[in-house]
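>>> build me a model from this:
(chains A and B)
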Amino acid sequence: MSAYLSIENVGITFQGDKGPFCALRDVSLKVDKGQFISIIGHSGCGKSTLLNIVAGLSAATTGGVILENAEVTAPGPDRAVVFQNHSLLPWLSVYDNVRLAVDKVHKARDKAWRHDWTLHNLSLVRMEEACDKRPGEISGGMKQRVGIARALSMEPKVLLLDEPFGALDALTRAHLQDGLMEIHQRLGNTVLMITHDVDEAVLLSDRIVMMGNGPAATIARILAVDLPRPRRRVDLACDAAYTHHRAEVLRFLHGHDTARDAA
Amino acid sequence: MTAKLDSLDKATLMGSSAPGLGGAAGWVRRVIARGGRRFGPPLLALAVALGVWQFVCMQAGAALPPPSKVVTDTWELIAHPLFDHGGTDKGLFWHLAASLQRVAIGFSLAAVAGIGLGVLIGQSDLAMRALDPLFQVLRTVPPLAWLPISLAAFRHADPSAIFVIFITAIWPIILNTAVGIQNIPPDYRNVARVLRLSPAEYFLKIMLPASVPYIFTGLKIGIGLSWLAIVAAEMLIGGVGIGFFIWDAWNSSLMSEIILALIYVGIVGTLLDRLITLIGRKVSGI
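Purely as a prediction, here's the structure:
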């Protein structure tokens, strides 16, 4: 049986001023429905480029992406993206930012349903209280929550998160990670998340995809995280399996990686 | 907003703790104090400027009248702005109204055409490369240099003056709109692509609101230039209008009337600028 989301031999070459530049080559990954995948790697390894290819925002030079037996050729709401800097429209209220997506994606539904659905998704991220606020009036963490609500409201087949919590302070980040875990538990979304944060990757993921350095970056290693869910960060802090996974990723990012040569 | 709330809170607090009359008196004192902080310095500066002017122009052989003489000379005009003796012998209100009407027509046309062209060259790299050099050259042509050509083309004074306004105001509107369109964050475009917004939806829901601050910067510069240009153009084309009024007063050596008209021109120009700023704030709603 073919996988739910399949990235097949994806490579991308940009035509730069100094001639062609190969950013990614031979990236292949199969993701099952409901899986939470993190992609981790150093800056400039092409993580975001890979996410953009899955989103359809960039076109791969070689290979392709197949989602539920259909090839990805253009962006669409079935692959909703949460951008790093929230990208809410500052002239719309929190409610209207989500409603814009709801109106567009659930055109067929009536108005009352779309209103309820907007509020429902805002309540998933606990932002229903701030409906009438503008993005300029709420904190960075809240903006990111609204961005997640907007993406969830599209009922995407795959939720794409591009370093969603990268710009937040540690405490806020922990809150949002817990919130995201809870939502994932409840809705069973398939998630592809880019991150720089080792703890975040281990805590949230079913598998961690580690990318080698560019140019011509590719997947160096995939680590399965088979910690039981629901996971609680406090319990995991001293958990042997957790610490082991964490050390694996750290070693890959910062140490001389022996596993990489073995693989 | 916060300042207002703050003072309101204080006022109610005072009201509850102090006896009614004392509270009211305190409130009046605070209003005066706040008004003094805001209006005190500009009023003082104005008084000093008027004083210096009065002193300098009171000397024997001064070419220009002092402010006291300006007021007595033009008291009829100040007190009766609405008189109408036919022809160009009208009150200042009518002259200003005629000038404002020309500006309103010319500027509105410039706003529509300017935003349209700005969107075009902001969106399309080809249009930008094709039109930008032309715009850069034309925008440096002084407003009055357009007047002979437009007189030749339109053969009437009024449309010529309106055309001068149009051609003066349009450049900053085009260029600022184009910059606004170019500066739309790529993230907003990506949001639109993920949502699969149609071009029309993209234009209305993302492009226009995102570039509103830039557009209004262009409109503000445009209205200022329009007002500069209309006064100059009216001096040449004649008829009713504040520019002609100034020229007519010069021909009759009525210095005080010129000075009064200049003050009115300045005040109206400031109000126009404020008006556009206000509309811009309302529209962008941020």
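
>>> the closest residue to chain A within the stretch 51-200 of chain B: neighbour count?
Going by C-beta to the nearest C-beta, chain A is nearest to B:Asp187 of the stretch 51-200 of chain B, at 3.7 Å. To be clear about C-beta, it is placed using only N, CA and C from the backbone, and glycine gets the same treatment. Using other C-beta atoms under 10 Å in any protein chain shown, B:Asp187 is surrounded by 16 other residues.

>>> that one against A:Leu89, yeah?
No. Here B:Asp187 does not reach A:Leu89: they are 9.8 Å apart, not a contact under C-beta atoms under 8 Å.

>>> thinking again about what came up before, who are the contact partners of the residue of the stretch 51-200 of chain B closest to chain A?
A:Phe83, A:Asn85, A:Ser87 (C-beta atoms under 8 Å, 6 or more residues apart in numbering or on different chains).

>>> can you give me the neighbour number for the last one?
Right, the one you point to is A:Ser87. Quick note: A:Ser87 (other C-beta under 10 Å) scores 23 neighbours.

>>> okay, it and B:Ala97: tell me how far apart.
47 Å (C-beta to C-beta, to the nearest Å).

>>> same check on A:Glu182?
A:Glu182 is 66 Å from B:Ala97, by C-beta to C-beta.

>>> got phi/psi on the closest residue to chain B within the stretch 51-200 of chain A?
Nearest residue of the stretch 51-200 of chain A to chain B, counting by C-beta to the nearest C-beta: A:Ser87, 3.7 Å away. Dihedral pair for A:Ser87: phi 50, psi 40, per degrees, to the nearest 10.

>>> give me the nearest residue to it, chain neighbours excluded.
In space, and not counting its chain neighbours, A:Ser87 is closest to B:Asp187: 3.7 Å by C-beta to C-beta, 6 or more residues apart in numbering or on different chains.

>>> burial of B:Ala152, as a residue count?
9.

>>> which residues are contacting the helix or strand containing it?
Counting by DSSP states H and E, the element that carries B:Ala152 is helix B:146-154. With contact meaning C-beta under 8 Å, 6+ apart, helix B:146-154 is reached by B:Ala157, B:Pro159, B:Ser160, B:Ala161, B:Phe163, B:Val164, B:Ile167, B:Thr168, B:Ala233, B:Leu236, B:Ile237.

>>> please apply the same query to stretch A:160-172.
With C-beta under 8 Å, 6+ apart, stretch A:160-172 has contacts from A:48, A:51, A:54-55, A:79-85, A:139-141, A:144, A:147-148, A:151, A:173, A:176-177, A:180, A:191-197, A:200.

>>> same thing but at 7 Å, please
Here stretch A:160-172 makes contact (C-beta atoms under 7 Å, 6 or more residues apart in numbering or on different chains) with A:48, A:51, A:54-55, A:79-85, A:140-141, A:144, A:173, A:176-177, A:191-196, A:200.

>>> stretch A:96-109 too?
Against stretch A:96-109 from outside (C-beta under 7 Å, 6+ apart): A:77, A:88-89, A:92, A:114, A:117-118, A:121-122, A:146, A:149-150, A:153-154, B:195, B:197, B:205.

>>> thinking again about what came up before, mind listing which of the contacts of stretch A:160-172 are in helices?
Those of those mapping onto helices are A:Ser48, A:Leu51, A:Val54, A:Ala55, A:Gly140, A:Gly141, A:Gln144, A:Arg173, A:Leu176, A:Gln177, A:Glu200, per DSSP state H.

>>> if you rank the residues you listed by neighbours, which is first?
Counting by other C-beta under 10 Å, top hit in those: A:Gln144 with 29 neighbours.

>>> that residue contacts A:Leu176, doesn't it?
Yes. Contact criterion C-beta atoms under 7 Å: A:Gln144 and A:Leu176 qualify, at 6.3 Å.

>>> so where is the stretch 151-263 of chain A shaky, pLDDT-wise?
A:256-263 (pLDDT under 70).

>>> which residues in it form strands?
A:158-162, A:190-195, A:207-211, A:219-224 (DSSP state E, counting those that start in this stretch).

>>> select, out of those strands, the one closest to B:Cys57.
Among the strands of the stretch 151-263 of chain A, strand A:158-162 comes nearest to B:Cys57, with 69.1 Å by C-beta to C-beta.

>>> export the closest one as PDB, just CAs?
Provided in PDB are the C-alpha atoms of strand A:158-162 (Å, rounded to 0.1, in the frame of the first residue of the first chain):
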ATOM      1  CA  VAL A 158      -1.300  17.700   6.000                       C
ATOM      2  CA  LEU A 159      -0.600  20.500   8.400                       C
ATOM      3  CA  LEU A 160       2.800  22.200   7.500                       C
ATOM      4  CA  LEU A 161       4.500  24.100  10.300                       C
ATOM      5  CA  ASP A 162       7.500  26.200   9.400                       C
END
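
>>> what pairs with that strand, parallel or antiparallel?
strand A:81-82 (parallel), strand A:190-195 (parallel) (DSSP bridges).

>>> winner for burial among the ones you listed?
Stretch with highest mean neighbour count among those: strand A:81-82 (a mean of 28; mean count of other C-beta atoms under 10 Å in any protein chain shown).

>>> what's the first helix or strand after that one?
Criterion used, DSSP H and E; the element after strand A:81-82 is helix A:94-105.
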